[in-house]
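Undergrad: with the sequence up front, the predicted model follows.
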Amino acid sequence: MSATATATVVTEELTAGIPRFSDHSPREFVGWFTPWLVRSAEDLDRTFGSPSIQADLLDAVGSLAVLRAAGDGDAFFAQQYLLSRIYALHLQLPTGDTAEGSVVLHAVTRRLELDTMAAEDAWLDESALSGGPEDMEDYVPWLKDLTRAHRAFKHPYYHEFVRNEATPADLRTYVVQESAVDSRFDDLLALMQLGTSGAEKMEIAANFWDEMGNGDPAQVHTLLFSRIIDSFGITEAELAGGLSAEALLSGNLAVLCCRYRYLFPEAVGFLAMTEWLVPDRFSQVLHAWRRLELPDPAIVYHELHIGVDAHHASGWFANVVKPAAADPAARRGMTRGALWRLNSSARYLDHSLAQAR
Ligand SMILES: [Fe+2]
Ligand SMILES: [Fe+2]
């Protein structure tokens, strides 16, 4: 294509303009922008790179947060869906063009991330954030007490609904939503370990090796998770498009914590809660599985994690959380990450329960 022809195409695209929410819905905006993610970074930067156009684009992205804060569920979904599609560029090998390296896309990503963190921080109160005991011996028991008192702990979605009421169709829905985190836990650990050393790195490495089935390809956790996906006949399209805003947020927060070195303390707190809450939650799923007499091979992932994650959580608390708790900034970051996880999990489970009943 000649330079003139390229310029014409670009001009036509811009004539269509960046959708305004007065004329278009948040979902339409994201539907319009998402195809740019599988075009080249150069394409994206050439089209949106001028300061005024980029500013319009970032305004449109920022509007999702404004609408979400005003209670617009579609804007919340659009915001988290777009972030999840962008993260997919960073976590999956491309099959064609990708905007991964685009400068404009980085600005869009950062807008989404800052807005997402601000929304989580709005749920936190300063007394909890700064309340962690100074004595590192006391920090882990304090964090566990905080968790036990939280709505996310022993949530009725697991303890009442999944355990006693869920049908196979309900469990199918549950598995689709859970894929936001469970289907890529190994990569989250791989991201998280960058720049660590000593006991922290050893703990992540041990955790990672468990994810790899301790060297047995048939026991790799993501493979075991895929068995339950397959047992329900869940398609790739459902996994890509069937997640709720709350589920997308849980997955996005995990990636967000793990991909930035400056958020390492948040990642430590976030992962500690994720691991620590799993055994009790998965026990309820296993109970439902047995109650419904569903096929055993598909539930191996959950059965295995009841033991494995109890072990991971205790190692994580003893070898990573406790030593880091001596530092006030790390303590605050770990508490922040733990509360991000607990609060987002509680909202996710509230939503799942409301949808299910
Ligand atoms: Fe695992
Ligand atoms: Fe684990």
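TA: Happy to help now that I have it. Just so we're clear, the structure is a prediction, and the values are computed from it rather than from any experiment. Ligands and ions are numbered 1, 2, ... in the order given.
Undergrad: could you use CA atoms for every contact and neighbour count after this?
TA: Noted.
Undergrad: what sits against residue 162?
TA: Shown in contact with residue 162 (CA atoms under 8 Å, 6 or more residues apart in numbering): 171, 284, 285, 288.
Undergrad: low-confidence ranges in the stretch 201-350 of the chain?
TA: The stretch 201-350 of the chain contains no residues with pLDDT under 70.
Undergrad: residues in contact with the most centrally placed residue in the chain?
TA: Nearest residue to the geometric centre of the chain (CA atoms, centre = their mean): residue 251, 1.4 Å. Residue 251 sits next to 84, 180, 181 when contact means CA under 8 Å, 6+ apart.
Undergrad: quick one, what contacts residue 344?
TA: With contact taken as CA under 8 Å, 6+ apart, residue 344 is in contact with 120, 246, 249, 250.
Undergrad: give me that answer again for 7 Å
TA: Residues in contact with residue 344, defined by CA atoms under 7 Å, 6 or more residues apart in numbering, are residue 250.
Undergrad: any idea how far it lies from residue 110?
TA: Distance check for residue 344 against residue 110: by CA to CA, to the nearest Å, it reads 20 Å.
Undergrad: residues near residue 192, how many?
TA: 24 (other CA atoms under 10 Å).
Undergrad: what pLDDT does it get?
TA: Here, the pLDDT recorded for residue 192 equals 95.
Undergrad: that one contacts residue 257, correct?
TA: No - because the distance of 8.1 Å does not satisfy CA atoms under 7 Å, residue 192 is recorded as not touching residue 257.
Undergrad: how about the backbone phi and psi for residue 49?
TA: phi -70, psi -20 (degrees, to the nearest 10).
Undergrad: do the same with residue 293
TA: According to degrees, to the nearest 10, residue 293 has phi 50, psi 50.
Undergrad: for this protein, what spans make up the strands?
TA: In the chain, no strands are found when defined by DSSP state E.
Undergrad: domain ranges for it, per the record?
TA: 3-121, 127-356 (automatic domain parsing).
Undergrad: so what's residue 88 up against?
TA: Going by CA under 7 Å, 6+ apart, the list of residues near residue 88 is empty.
Undergrad: any idea how far it lies from residue 112?
TA: Distance from residue 88 to residue 112, counting by CA to CA: 14 Å.
Undergrad: one more: residue 155?
TA: Taken as CA to CA, the span from residue 155 to residue 112 is 29 Å.
Undergrad: isn't residue 310 up against residue 274?
TA: No - look at residue 310 against residue 274 with CA under 7 Å: they stay out of range, at 10.6 Å.
Undergrad: about what we covered before: between which two of the contacts of residue 162 is the distance greatest?
TA: Greatest spatial distance among the contacts of residue 162 (CA to CA): 171 and 284, at 11.3 Å.
Undergrad: tell me which of the two has more neighbours.
TA: residue 284 (21 against 16).
Undergrad: leaving out sequence neighbours, find the closest residue to the more buried one.
TA: Leaving aside its sequence neighbours, residue 284 sits nearest to residue 163 (CA to CA, 6 or more residues apart in numbering; 4.9 Å).
Undergrad: can you tell me the number of residues neighbouring the one you found?
TA: Neighbour count for residue 163, taken as other CA under 10 Å: 21.
Undergrad: one step back: just the domains of the chain: most buried one?
TA: domain 127-356 (a mean of 18; mean count of other CA atoms under 10 Å).
Undergrad: centre of the chain to that one, how far?
TA: Centre-to-centre, domain 127-356 and its host chain are 10 Å apart (CA atoms, centre = their mean, to the nearest Å).
Undergrad: pull up the distance across that domain, start to finish.
TA: Domain 127-356 has an end-to-end distance of 34 Å (CA to CA).
Undergrad: quick one, what contacts the closest residue in space to residue 36 that isn't next to it in sequence?
TA: Nearest residue to residue 36, sequence neighbours excluded (CA to CA, 6+ apart): residue 44, at 6.7 Å. By CA under 7 Å, 6+ apart, the contact list for residue 44 reads 36, 99, 102, 104.
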